[in-house]
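# Need coordinates for the following:
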Amino acid sequence: MSIDPYQYKPHVINVSYQEFSPDIPEFFTHKRHVFIMTNTGRPIYVRYGSEIKSSIFLATINAIFQKFLLFFFEDKEKQTLFKISHDKCNIYILQRNQITYICSTNSLQDSEFIIYQMLDFLNTQLISIVTDQANIHLTQKPNYDLAFSVGGSRNLLTLAVKNGLYSPCMAFNSICTLPMAVSLRQFIHNNLKEIKLPNIVASLLLTETFVIDIWRQKNMEFKTSDILIIQSMIQGQGQLKKGENWIPICLPGLSAMGFVYAYINFFEKPIGIVMISDDNSLDMFEQCKEAAQVLIQKFNSNNLHQTLLSNLQNNPNTPKCLDKHTQIKHFIVKHSSGQVYLPVFQAFGVNNKTFKFYMQQYGELYKDFIISQSLGNSDAKQNYFVWDSKGFGITQYHDVVILFCFNELIEFQQMVQNVHLLQKMFRTEELGYYFILKPS
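The predicted model follows:
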């Protein structure tokens with residue numbers, strides 16, 4: 001049976017809403033609207049419709065928001081996500097420096113945590129397009145037209161919204177690693193390490209959804225958000241999966257003020273190598289090209305590409321606990337290093353809306369977990385176990401957090417047994433199969 005329908009896939013942006021504006025009924029048929037504007041109310045991006053047609057609407061929202069800040073908050077820098085509720089609509093506002101991000105939703109079941117994560121990643125994506133120089137320009141010239149600078153990268157912002165609302169990676173700020181034998185991952189890692197170059201900051205072997213392995217320079221932090229930006233760029237620009245590419249990219253985790261260069265080569269679809277360099281010279285491109293050829297030859301001589309393709313075809317897999325224990329409908333595992341494991345989604349059959357509902361429930365559980373961890377003692381951090389009447393729950397077990405959904409009618413003793421079953425799957429000695437654990 002093909003597993004394609006079960007796998008979370010990046011969204012394809014192929015619909016234009018340029019004729020939509022807030023003064024026509026069709027505008028309000030969408031559950032969630034997302035806007036980006038400057039702090040003076042000048043539009044930068046509108047999810048449905050055109051920036052020009054939404055300018056009056058955004059100016060009104062901005063005026064209300066500024067009054068809201070003035071009268072209700074003495075120090076707006078201490079605030080994170082603002083929420084305004086009216087009738088059956090919630091408006092979420094996130095301010096980052098000189099730019100304001102807005103999500104208006106008429107779905108009252110939406111997780112506030114998921115909305116925040118989406119808007120926060122949207123900010124990271126925008127800065128990746130225009131760099132943090134945009135905030136400097138807006139400070140000096142508040143009426144600076146940032147929408148012009150976004151230009152043809154608008155689809156990346158739309159992709160960031162869609163993935164931000166539904167992707168477990170965006171929700172938990174984690175990469176999705178490809179499960180494989182520890183020995184295989186170590187062999188791949190050694191090959192990546194062998195082709196390292198002095199001006200290469202990091203090398204990644206990946207697909208547009210999975211990360212296979214990472215090599216990075218010693219004592220250098222390569223943030224999860226930067227990897228997600230790279231994967232989003234690959235998802236949104238199909239030409240990057242054809243031939244070799246040498247392109248500028250701003251990775252805010254490395255430096256938000258400028259660009260580094262990325263060598264991208266999908267030598268065996270859907271597998272590609274990405275090398276990040278702080279040297280943009282043609283000579284550096286040639287060195288990356290030669291290093292990639294060495295890696296490809298190693299892969300060919302060991303038939304590694306076929307092994308990885310087989311792994312990809314078998315992932316996401318169906319764990320035995322989902323096969324044998326019908327009380328476990330679904331689960332997601334997040335490692336403390338910023339990685340997630342997502343099994344085949346088969347709750348109630350193949351149903352995309354159900355998965356979206358699951359993500360909303362997981363988001364709220366994870367938000368409460370983060371709050372409790374910031375307040376709790378060390379004992380509480382290792383014994384966290386919460387569930388609700390809908391069958392959703394969360395537990396921490398050593399280095400992983402497990403979010404799960406069981407049958408609503410499950411008895412407490414059965415729930416405990418099933419939680420122990422999940423914990424047994426992800427005990428410390430088994431984690432190397434699911435996650436990239438060995439440091440570079």
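# Low-confidence stretches in the stretch 251-400 of the chain?
Per-residue confidence for the stretch 251-400 of the chain (pLDDT under 70) gives these ranges: 321-326, 345-352, 377-382.
# Where do the helices of it begin and end?
282-301, 304-313, 320-324, 352-375, 378-382 (DSSP state H, counting those that start in this stretch).
# closest to residue 186 out of those helices?
Nearest to residue 186, of all these, is helix 304-313, at 12.6 Å by Cβ to Cβ. C-beta coordinates here come from the backbone N, C-alpha and C atoms, glycine included.
# Just the buried positions in that closest one, please.
Of all the residues in helix 304-313, those buried under the rule 16 or more other Cβ atoms under 10 Å are 304, 307, 308, 311, 312.
# and what of stretch 291-308?
Neighbour counts using 16+ other Cβ under 10 Å place 291, 292, 295, 296, 298, 299, 304, 307, 308 of stretch 291-308 among the buried residues.
# just to revisit the earlier point, out of the buried residues of helix 304-313, the closest to residue 96 would be?
residue 312 (35.8 Å).
# With distance to residue 434 added, can I get the helices of the stretch 251-400 of the chain in TSV?
As requested, these are exported to TSV (distance: least, Cβ to Cβ, whole Å):
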stretch	distance to residue 434
helix 282-301	23
helix 304-313	12
helix 320-324	14
helix 352-375	18
helix 378-382	20
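# which stretch among those comes nearest residue 422?
helix 320-324 (6.7 Å).
# All the strands of the stretch 101-250 of the chain, in order from the start?
Using DSSP state E, counting those that start in this stretch, the strands of the stretch 101-250 of the chain run over 175-176, 200-206, 211-216, 244-249.
# picking that back up, just flag the most distant two among the buried residues of stretch 291-308.
291 and 307 (21.2 Å).
# domain assignment for the protein?
4-171, 176-313, 320-434 (automatic domain parsing).
# quick one, helices of the stretch 51-200 of the chain?
55-72, 112-130, 133-140, 146-150, 154-166, 168-171, 182-194.
# related to what we said a few turns ago, from the buried residues of helix 304-313, which is closest to residue 437?
Looking across those and measuring by Cβ to Cβ, the closest to residue 437 is residue 311, at 17.1 Å.
# Distance to residue 275 added to the buried residues of helix 304-313, as CSV?
Formatted as CSV, the buried residues of helix 304-313 follow (distance: Cβ to Cβ, whole Å):
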residue, distance to residue 275
304, 18
307, 22
308, 18
311, 22
312, 21
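# ok, of the residues you listed, which one's closest to residue 429?
residue 311 (20.5 Å).
# ok, the closest residue to that closest one other than its chain neighbours - contacts?
Nearest non-adjacent residue to residue 311, counting by Cβ to Cβ, 6 or more residues apart in numbering: residue 180, 5.3 Å away. Residue 180 is in contact with 212, 308, 311, 433, counting by Cβ atoms under 8 Å, 6 or more residues apart in numbering.
# Look up which residues are beta-bridged to the nearest residue to residue 84 once chain neighbours are set aside.
The shortest distance from residue 84 to any non-neighbouring residue, by Cβ to Cβ, 6+ apart, is to residue 91 (4.5 Å). On the basis of DSSP bridges, residue 91 is bridged to residue 84, residue 104.
# Next one, pLDDT for residue 91 please.
With respect to pLDDT, residue 91 scores 88.
# neighbours around it, how many?
Using other Cβ atoms under 10 Å, the number of residues around residue 91 comes to 18.
# From residue 268, how far off is residue 184?
For residue 184, the distance to residue 268 equals 16 Å [Cβ to Cβ, to the nearest Å].
# Just flag the most distant two among the buried residues of helix 304-313.
For these, with distances taken as Cβ to Cβ, the pair at the greatest spread is 304 and 312 (12.4 Å).
# list residues touching both of the two?
Common neighbours of residue 304 and residue 312 (Cβ under 8 Å, 6+ apart) do not exist.
# show me what contacts residue 196?
203, 215.
# One more: residue 289?
Here residue 289 is in contact with 244, 263, 265 (Cβ under 8 Å, 6+ apart).
# And those, which of them are buried?
For those, buried by 16+ other Cβ under 10 Å: 263, 265.
# so can I have TSV of the contacts of residue 289 showing distance to residue 280?
Below are the contacts of residue 289 laid out as TSV (distance: Cβ to Cβ, whole Å):
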residue	distance to residue 280
244	15
263	11
265	17
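# and which of the contacts of residue 289 is nearest residue 274?
Nearest member of the contacts of residue 289 to residue 274, counting by Cβ to Cβ, is residue 263, at 7.0 Å.
# wait, isn't that closest one in contact with residue 246?
Yes - contact criterion Cβ atoms under 8 Å: residue 263 and residue 246 qualify, at 5.7 Å.
# how close does the residue lying closest to residue 160 once chain neighbours are set aside sit to residue 268?
Leaving aside its chain neighbours, residue 160 sits nearest to residue 125 (4.1 Å; criterion: Cβ to Cβ, 6+ apart). Using Cβ to Cβ, residue 125 is found at 28 Å from residue 268.
# what about these two, which has more around it?
More neighbours surround residue 125 than the other of residue 125 and residue 268, with 25 against 16 (other Cβ under 10 Å).
# list the contacts for the more buried one?
Applying Cβ under 8 Å, 6+ apart, the residues near residue 125 are 156, 157, 160, 229, 232.
# From those, pick the one nearest residue 279.
Proximity of these to residue 279 (Cβ to Cβ) peaks at residue 229, which lies at 19.8 Å.
# wait, what's in contact with the residue nearest to that closest one when sequence neighbours are not counted?
Once flanking residues are discounted, residue 229 sits nearest to residue 128: 5.0 Å by Cβ to Cβ, 6+ apart. Contact analysis of residue 128 by Cβ under 8 Å, 6+ apart lists 229, 233, 249, 250, 251, 252.
# Just give the closest residue to the third one, not the sequence neighbours.
Spatial nearest neighbour of residue 249, excluding adjacent residues (Cβ to Cβ, 6+ apart): residue 262 at 4.9 Å.
# Could you measure from that neighbour over to residue 228?
Taken as Cβ to Cβ, the span from residue 262 to residue 228 is 14 Å.
# of those two, who's got more company?
Shown here are residue 262 and residue 228; by other Cβ under 10 Å, residue 228 has more neighbours (27 against 22).
# Surely that one is in contact with residue 122?
No - taking contacts as Cβ under 8 Å, residue 228 lies outside contact range of residue 122: 11.8 Å.
# tell me which of the buried residues of stretch 291-308 is nearest to residue 110?
For the buried residues of stretch 291-308, the nearest to residue 110 is residue 308 (36.9 Å; Cβ to Cβ).
# if you average pLDDT over stretch 405-425, what comes out?
Throughout stretch 405-425, pLDDT has a mean value of 89.
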